[in-house]
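**Student:** Quick one: sequence plus predicted model below, questions after.
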Amino acid sequence: MASRQTSPVTTGFGGRVLALLACSHPGPTVVVTTLAGLLAVGAGIGVERIALTVAAVLFGQLSVGWSNDAIDAQRDIAIGRRDKPIAAGVISRRAVAAAAGVALVLALGVSGVIGWQFCLAHGIALASAWAYNAWLKFTWASVIPFAVSFGILPSLATLAAALPAVAPWWQGAAGALLGVAVHLTNVLPDLADDEATGVRGLGHRIGATPSAIAAFAAVIAGTVVVLVGSFGEAPPAVALAASVSVVACAVAGLLRALRKPDRVVFRLVMAAGLILAAQLVVTAFVA
């Protein structure tokens, strides 16, 4: 319906570039790429390999964001998502899909330059993310791609080294738990819109309050895993500060979620998740 469309704010090349960037989900793309870069710095793999790791992950995340918006275009149009450039008529679905394909090729190409072990791990993480966009977001298994992709993330830093190695078990486990929390948190603000267009992932099926509770539980479990895995290596002050901060966010969020699972709960889960990510990065530097 024409009434659901917005007129393009800008029609030139610059406007299309900005629309393409908006379709990439810039927030998550920047966060995940930054986390990968910091983990690579912590692994001490050298400037050149750090740069290649950041480039590979950046292209990979761009491909995930663009594929998501291209795949979801018809649903976004159906519910009048005026914040989505494709639904608003600012850029075509074909252009965004093409960008996703190019970014995926670049991600795998740079990964191959780093090494076959890195390329294999990154390829699995990207396949998992694309599977979520295309299919798994509609199923009970919607959380699995997040656990898989985030669980692999710490190993990308160590597999990029001149002598590739898988990251310690506790880093992978903490990453996977962070991914679970990110997924269950991510669905909270969009439950109604998603339900209206047939998206029925785990969070939608169990509801807002159970999703928030499970997300907090995952973050707390991730913090415990990092504490156990890095025991004797991480500075006690860092471990204590991270633990107290995560527990404080979790308690406040759980009390709020039991009354009303609103945006405040969403922000508290995100805060706890960011603290866990920071804890993971800091311990990577000292482990």
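**Tutor:** Thanks, I have the structure now. The shown structure was predicted, so the numbers you read here are calculated from the model rather than taken from an experiment.

**Student:** buried sites along the helix or strand Gly42 falls within?
**Tutor:** Using DSSP states H and E, Gly42 sits in helix 26-43. For helix 26-43, burial by neighbour count (16 or more other Cβ atoms under 10 Å) applies to 29, 31-33, 35-43. Bear in mind the C-beta positions are built from the backbone N, C-alpha and C, glycine included.

**Student:** now do stretch 243-259
**Tutor:** Those buried within stretch 243-259 under the rule 16+ other Cβ under 10 Å are 243, 245-247, 249-250, 252-254, 256-257.

**Student:** For the residues you listed, could you give me JSON lines that also reports pLDDT?
**Tutor:** Shown next, in JSON lines, are those (pLDDT from 0 to 100):
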{"residue": "Ser243", "pLDDT": "84"}
{"residue": "Ser245", "pLDDT": "89"}
{"residue": "Val246", "pLDDT": "87"}
{"residue": "Val247", "pLDDT": "86"}
{"residue": "Cys249", "pLDDT": "88"}
{"residue": "Ala250", "pLDDT": "84"}
{"residue": "Ala252", "pLDDT": "88"}
{"residue": "Gly253", "pLDDT": "83"}
{"residue": "Leu254", "pLDDT": "82"}
{"residue": "Arg256", "pLDDT": "81"}
{"residue": "Ala257", "pLDDT": "78"}
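
**Student:** The helix holding Gly42: what's the following helix or strand?
**Tutor:** Following helix 26-43 in sequence, per DSSP H and E, is helix 47-71.

**Student:** how big is the angle separating that following helix from helix 26-43?
**Tutor:** Angle of helix 47-71 versus helix 26-43, following axes from the mean of the first three to the mean of the last three Cα atoms, to 10 degrees, is 160 degrees.

**Student:** Quick one: list the elements packing against helix 47-71.
**Tutor:** Applying 3 or more Cβ pairs under 8 Å, 6 or more residues apart in numbering; DSSP states H and E, one finds that helix 47-71 contacts helix 13-23, helix 26-43, helix 93-114, helix 116-134, helix 144-159.

**Student:** Quick check: which of the ones you listed is buried the most?
**Tutor:** Most buried of the helices and strands packed on helix 47-71 by mean neighbour count (mean count of other Cβ atoms under 10 Å) is helix 144-159; its value is a mean of 24.

**Student:** Tell me the gap between the very next helix or strand once past that helix and the middle of its chain.
**Tutor:** As assigned by DSSP H and E, the chain's next helix or strand after helix 144-159 is helix 169-186. Its chain's C-alpha centre and that of helix 169-186 lie 10 Å apart, by Cα atoms, centre = their mean, to the nearest Å.

**Student:** how about helix 169-186: buried residues?
**Tutor:** Neighbour-count burial for helix 169-186 flags 170-186 (criterion: 16+ other Cβ under 10 Å).

**Student:** still on that earlier bit, quick one: mean pLDDT for the helix holding Gly42?
**Tutor:** In this model, helix 26-43 has an average pLDDT of 92.

**Student:** hmm, back to that, who wins for proximity to Val225 among the helices and strands packed on helix 47-71?
**Tutor:** The closest of the helices and strands packed on helix 47-71 to Val225 is helix 144-159. By Cβ to Cβ, the value is 11.3 Å.

**Student:** what about Ala165, how many residues close to it?
**Tutor:** Counted with other Cβ atoms under 10 Å, residues neighbouring Ala165 total 11.

**Student:** Phi first, then psi, for it.
**Tutor:** phi -150, psi 150 (degrees, to the nearest 10).

**Student:** Test my guess that it contacts Leu156.
**Tutor:** No. In this structure Ala165 lies outside contact range of Leu156 using Cβ atoms under 8 Å: 11.6 Å.

**Student:** if we can go back for a sec, would TSV of the helices and strands packed on helix 47-71 with distance to Val281 be doable?
**Tutor:** Shown next, in TSV, are these (distance: least, Cβ to Cβ, whole Å):
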stretch	distance to Val281
helix 13-23	26
helix 26-43	5
helix 93-114	20
helix 116-134	18
helix 144-159	9
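
**Student:** Nearest approach to Val238 belongs to which of those?
**Tutor:** That would be helix 26-43 among the helices and strands packed on helix 47-71, by Cβ to Cβ, at 13.0 Å.
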